[in-house]
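Visitor: Generate a structure from the sequence data that follows.
(chains A and B)
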Number of protein chains: 2
Amino acid sequence: MANNEESHGDPVNEVRSLSSVPKAVVGRLSLYLRELQNLLRQGNDTVSSTKLGKALGFSDAQVRKDLAYFGQFGYPGIGYRCEELVAEIKKIMGTDRHWAVALIGCGNLGRALLGYRGFFQKGFKIAAAFDVDPSKTVGQFEGIPVYDIEELGTIAKQHQIRLAILAVPAAAANLVAEKVAAAGITGIMNFAPVTLNSIEGVSAVGVDLAIELEQLCYSVVKSNDNNLS
Amino acid sequence: MANNEESHGDPVNEVRSLSSVPKAVVGRLSLYLRELQNLLRQGNDTVSSTKLGKALGFSDAQVRKDLAYFGQFGYPGIGYRCEELVAEIKKIMGTDRHWAVALIGCGNLGRALLGYRGFFQKGFKIAAAFDVDPSKTVGQFEGIPVYDIEELGTIAKQHQIRLAILAVPAAAANLVAEKVAAAGITGIMNFAPVTLNSIEGVSAVGVDLAIELEQLCYSVVKSNDNNLS
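Guide: A predicted model of the protein is given here:
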């Protein structure tokens, strides 16, 4: 709050001085970013809040309110300049730079994630993979070297790794998360079907693929009901 | 709207007469469901809206407002009965029954999903897998038989499959989605990094794993900023 005056009008300083932007707003930023990138690919240089919102099922007021948390990005009579807003949102999210990521656990899911091109397109590079199985830690998958988990600390420092993806069995997840934290990594994306114990200074997101399927289920049931009524 | 009077006070009929509950509300239902199941495992029979909200970072008012879309579930002086509310939310989501699912594409990601236990725990059973590669369609993975994609229509009818998970390359996704629709399947969970063309009568959700990583990135950047300030 001390730098309230300095930060006025500077979106980056503003977000840094905000104690907490609602999680749902940050979630929608990712959606705006993807839609703006789509618009750019289709040759659109500018977009109105109405059009941007409509493509995603939000009102224009919602779009303007969400973005206002981070600064003033629209131009009267023009709307948003797509390329500029893409750059601003990336700066806010921290994806304007490249992130080195460690993937831990090289079973089927881990190997699938090593080959998942969506990460690289968004600025995330899996720099190294880790496992406990000696038959895996001698080689590489998808061109990415696989190390013994005990080497995590050394390799993480070497590659300046700050994020880790956990694709390990549920029973191992909390122990692995502690090793990750000890290696100085501060962000964990957890695919193991278990809630991680919270670790001081480490942010974690759990990925539960069944939630998406459950949401789909609701749409299918609802659309059947609408057709029958 | 014709059955407005009949549906009064009956949550199930009420949800069916609602033309559209906001997507974010349906998203939160999944979170309430998981938290209620956690509470039950920990031996809690009842929970207040305050406690339920707090565990998920929502206000008590938000919890009550969300649930009010679907009916009246709380008891004065008691709160919610966990087991009852779990059953009600499952009924709303459509996961009070078992769903047979087809998995299409048996590469690394597809095989990882075949072994993902989170689906089965939530009432989804992958009944059959499909691929175009003859070397894969002669066997099974994780105990699930793999068929040629051309058999989708026949097998879908046999097993009453209504949902499909697409784990195919981006270039094949739209063609596969059409085959899925032709087989009478009305829900698609798409892992291919491409937006599917919309198909009449088919609901689709796209899974973009990079979005979760991007959200994590924001938390890491923000927490670093907070530590430095």
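Visitor: quick one, domains of chain A?
Guide: Domain segmentation of chain A under automatic domain parsing yields A:4-91, A:99-211.
Visitor: So which residues of chain A form helices?
Guide: With DSSP state H, the ranges of helices along chain A come out as A:4-7, A:11-17, A:23-41, A:49-56, A:60-68, A:82-93, A:108-114, A:117-121, A:152-159, A:170-182, A:209-228.
Visitor: measure A:Glu142 to B:Pro169 for me?
Guide: Taking C-beta to C-beta, to the nearest Å as the criterion, A:Glu142 is separated from B:Pro169 by 15 Å. (Each C-beta comes from the backbone N, C-alpha and C, glycine too.)
Visitor: One more: A:Leu39?
Guide: Using C-beta to C-beta, we find A:Leu39 at a distance of 25 Å from B:Pro169.
Visitor: on contacts alone, who are the packing partners of the top strand by length along chain A?
Guide: Scanning chain A for the strand with the most residues, using DSSP state E, yields strand A:124-131. On a contact count with 3 or more C-beta pairs under 8 Å, 6 or more residues apart in numbering or on different chains; DSSP states H and E, strand A:124-131 meets strand A:99-104, helix A:108-114, strand A:144-148, helix A:152-159, strand A:161-166.
Visitor: Looking at those, which is nearest to chain B?
Guide: Of all the helices and strands packed on strand A:124-131, it is helix A:108-114 that lies closest to chain B, at 3.8 Å by C-beta to the nearest C-beta.
Visitor: ok, and what's touching the closest one?
Guide: Contacts of helix A:108-114 with the rest of the structure, by C-beta atoms under 8 Å, 6 or more residues apart in numbering or on different chains, involve A:103-104, A:106, A:119, A:126, A:129, A:131, A:141-142, A:144, A:165, A:167-168, A:191, B:107-109, B:111-112, B:115-116, B:209.
Visitor: Can you pull out the low-pLDDT segments for chain A?
Guide: A:1-19, A:227-229 (pLDDT under 70).
Visitor: follow-up on the earlier one: partner strands of the longest strand of chain A, parallel or antiparallel?
Guide: Sheet neighbours of strand A:124-131, with direction, are listed as strand A:99-104 (parallel), strand A:144-148 (parallel) (DSSP bridges).
Visitor: Pick the most deeply packed of these.
Guide: Using mean count of other C-beta atoms under 10 Å in any protein chain shown, the stretch among those with the largest mean neighbour count is strand A:99-104, at a mean of 25.
Visitor: If I take it and helix A:152-159, what angle do their directions form?
Guide: Relative orientation of strand A:99-104 versus helix A:152-159 (axes from the mean of the first three to the mean of the last three C-alpha atoms, to 10 degrees): 160 degrees.
Visitor: May I have strand A:99-104 as PDB, with CA atoms only?
Guide: Only the C-alpha atoms of strand A:99-104 are listed here, as PDB (Å, rounded to 0.1, in the frame of the first residue of the first chain):
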ATOM      1  CA  TRP A  99      10.200 -21.500 -17.600                       C
ATOM      2  CA  ALA A 100      12.300 -24.600 -17.100                       C
ATOM      3  CA  VAL A 101      10.200 -27.500 -15.700                       C
ATOM      4  CA  ALA A 102      11.200 -30.800 -14.100                       C
ATOM      5  CA  LEU A 103       8.900 -33.800 -14.800                       C
ATOM      6  CA  ILE A 104       8.900 -36.400 -12.000                       C
END
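Visitor: Next, the angle strand A:161-166 makes with it.
Guide: On the basis of the same axes, to 10 degrees, strand A:99-104 is oriented at 30 degrees to strand A:161-166.
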